[in-house]
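Enquirer: Here you go, sequence then predicted model.
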Amino acid sequence: MQLLSCPGFAAAGLAAGIKKNGRKDLGLIFCERPAAVAGLFTRNRVQAAPVRLDRERIPRGRCRAVIVNSGNANCCTGEEGDRRARRMARAAAQALGVAEEEVLVASTGVIGEPLPIDCIEQAAPALAAALRPEGIADFAEAILTTDRVPKGVSVERETASGRFRLTGVVKGAGMIRPDLATLLCFLLTDLAAEAEALRPLLAEGAARSFNRITVDGDTSTNDTVLLLASGASGVGLAAPGVREAFREALGEVMERLARWVVRDAEGSNKVVDIVVRGAASEADARRIAEAVAHSPLVKTALFGEDANWGRILAAAGRSGAEFDPAAVNLYVGPVQIVAGGAGCGKEAEAAATEVLRAEAFPIVIELGRGPGTASLVTCDLSIDYVKINADYRS
């Protein structure tokens, strides 16, 4: 992971004692001046206290800091959880000398456990003192739970109005599906922009990235995606050509981060694009892609490198989409294993098995019914996934 610091921002991450293993578990992002901010949050009806607090504060469109803890979700913790989320924001605000309402909060970890707010409050001054432009790597490490590695991407773009930078970090390895799909993502740019202009760009980027991945079909209670613009570059989003350049850069960063989430998924070994073409509508294509991408039987076949195409057709058939099973063609990578709804034989299955041994490949379902297309990125379901989640609270 090669991350570039983003002008106008500083970050830090340290161990505050939330995690039992002594690893970094508290992170902070600080903007030198009020940043424009846009956000997206989980669509789960069960929402963590920090999500509720951020939803309350983000309509202002401005913030100075984001404080994030891992190891504890502060979810299903009642009114006391709400109070502790506010105390967490207050601790950061006091350490930074900014208004409490300018601080956003995010948490990730075990649901239902009281947030250990005392150790967060005690660590806040040291966290603020550790802030540095290059601290985004420490921050990326501090927000991890079951992730195997920190995940971050930086890009720069040159426009007629000047150069701007965009850096994004994400955490997420389980509880991932397209109802925002990531757990926590923080995107920083030095562009000058208003929140109203950032919101549709962020929503569009999520539709192309985090809402097109799945690991296990579970929607997190804590999903939070924040986009902050410091204005430090002096390049305005409204300047000629800048909006389109930023739109492209944001889409690239979010898509790379989303795929990385799937690649780093709990116990996973494979990244698989489920592509549906020729559906009666885009909605039908999406239904089929989601049914196949979420299917435990399909995902375990991927883990076993078993070209069991019947599981794929069965998942498509229960999706609710309208199609003719006798018109379906199915490909694993370049290998066709189903033609006109029937298998292509053992030789084709053997060739498909070779494709399944790769770390990444597409599965393409052609329906021959209409113009509808859709795709999702999924992974295999392994024994290690079961072990990780069976022992998650121990």
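Expert: Done, it's in. Residues are numbered from 1 along each chain as shown.
Enquirer: Wasn't residue 374 part of a helix?
Expert: No - assigned with DSSP: H, G, I helix; E, B strand; the rest coil, residue 374 falls outside any helix and is strand.
Enquirer: so who does it touch?
Expert: Going by C-beta atoms under 8 Å, 6 or more residues apart in numbering, residue 374 touches 275-276, 279, 282, 285-286, 288-289. Any C-beta I mention is one placed from the backbone N, CA and C, and that applies to glycine too.
Enquirer: ok, what's across the strand from it?
Expert: residue 276 (DSSP bridges).
Enquirer: what's residue 187 sitting at in phi/psi?
Expert: phi -120, psi 130 (degrees, to the nearest 10).
Enquirer: ok so, going back, just the ones of the contacts of residue 374 in strands?
Expert: Assigned to strands by DSSP state E, the following of the contacts of residue 374 qualify: 275-276, 279.
Enquirer: In PyMOL, how would I select the buried members of these?
Expert: Burial among those is assessed by 16 or more other C-beta atoms under 10 Å; the matching PyMOL selection reads:
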select buried, resi 275+276+279
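Enquirer: Just confirm residue 105 is within a helix.
Expert: No - assigned with three-state DSSP, residue 105 falls outside any helix and is strand.
Enquirer: Quick check: nearest residue in space to it, chain neighbours excluded?
Expert: Nearest residue to residue 105, sequence neighbours excluded (C-beta to C-beta, 6 or more residues apart in numbering): residue 50, at 4.1 Å.
Enquirer: What's the biggest helix in this structure, counting residues?
Expert: For the chain, the helix that runs over the most residues, judged by DSSP state H, is helix 242-263.
Enquirer: how far is that one from where the chain is centred?
Expert: In terms of C-alpha atoms, centre = their mean, to the nearest Å, the centre of helix 242-263 is set 11 Å apart from its chain centre.
Enquirer: same question, stretch 273-292
Expert: Here the centre of stretch 273-292 is set off from its chain's centre by 21 Å, with C-alpha atoms, centre = their mean.
Enquirer: Quote the end-to-end distance of it.
Expert: One end of stretch 273-292 to the other measures 11 Å (C-alpha to C-alpha, to the nearest Å).
Enquirer: Surely residue 171 is in contact with residue 147?
Expert: Yes - look at residue 171 against residue 147 with C-beta atoms under 8 Å: they come within range, at 5.5 Å.
Enquirer: Neighbour count: these two, which is higher?
Expert: The residue with more neighbours, out of residue 171 and residue 147, is residue 171; 28 against 23, by other C-beta atoms under 10 Å.
Enquirer: Next one, pLDDT for the more buried one please.
Expert: Looking at residue 171, its pLDDT is 95.
Enquirer: quick one on the thing from earlier: any chance of the ones in strands among the contacts of residue 374 in CSV, with distance to residue 75 too?
Expert: Formatted as CSV, the ones in strands among the contacts of residue 374 follow (distance: C-beta to C-beta, whole Å):
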residue, distance to residue 75
275, 34
276, 34
279, 36
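Enquirer: Dump the ones in strands among the contacts of residue 374 to JSON lines, plus distance to residue 10 and pLDDT.
Expert: Output for these, formatted as JSON lines (distance: C-beta to C-beta, whole Å; pLDDT from 0 to 100):
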{"residue": "275", "distance to residue 10": "41", "pLDDT": "98"}
{"residue": "276", "distance to residue 10": "44", "pLDDT": "98"}
{"residue": "279", "distance to residue 10": "48", "pLDDT": "98"}
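Enquirer: how much space is there between residue 384 and residue 170?
Expert: Distance, residue 384 to residue 170, using C-beta to C-beta, to the nearest Å: 21 Å.
Enquirer: coming back round to it: would you mind checking which of the contacts of residue 374 is nearest to residue 63?
Expert: Each of the contacts of residue 374 was scored against residue 63 by C-beta to C-beta, and residue 286 proved nearest at 33.5 Å.
Enquirer: So the nearest residue to that closest one once chain neighbours are set aside versus residue 5, what's the distance?
Expert: Nearest non-adjacent residue to residue 286, counting by C-beta to C-beta, 6+ apart: residue 374, 4.2 Å away. Per C-beta to C-beta, residue 374 is found 37 Å from residue 5.
Enquirer: Repeat that for residue 69.
Expert: For residue 69, the distance to residue 5 - C-beta to C-beta - is 22 Å.
Enquirer: Looking at these two, which is more packed in?
Expert: Neighbours per residue (other C-beta under 10 Å) separate residue 69 from residue 5, with residue 69 holding more: 28 against 19.
Enquirer: Where does the more buried one fall, secondary structure wise?
Expert: If you go by DSSP states H and E, residue 69 is part of strand 62-72.
Enquirer: How far off centre is that strand?
Expert: Offset of strand 62-72 from its chain centre (C-alpha atoms, centre = their mean): 16 Å.
Enquirer: Perfect, that will be all.
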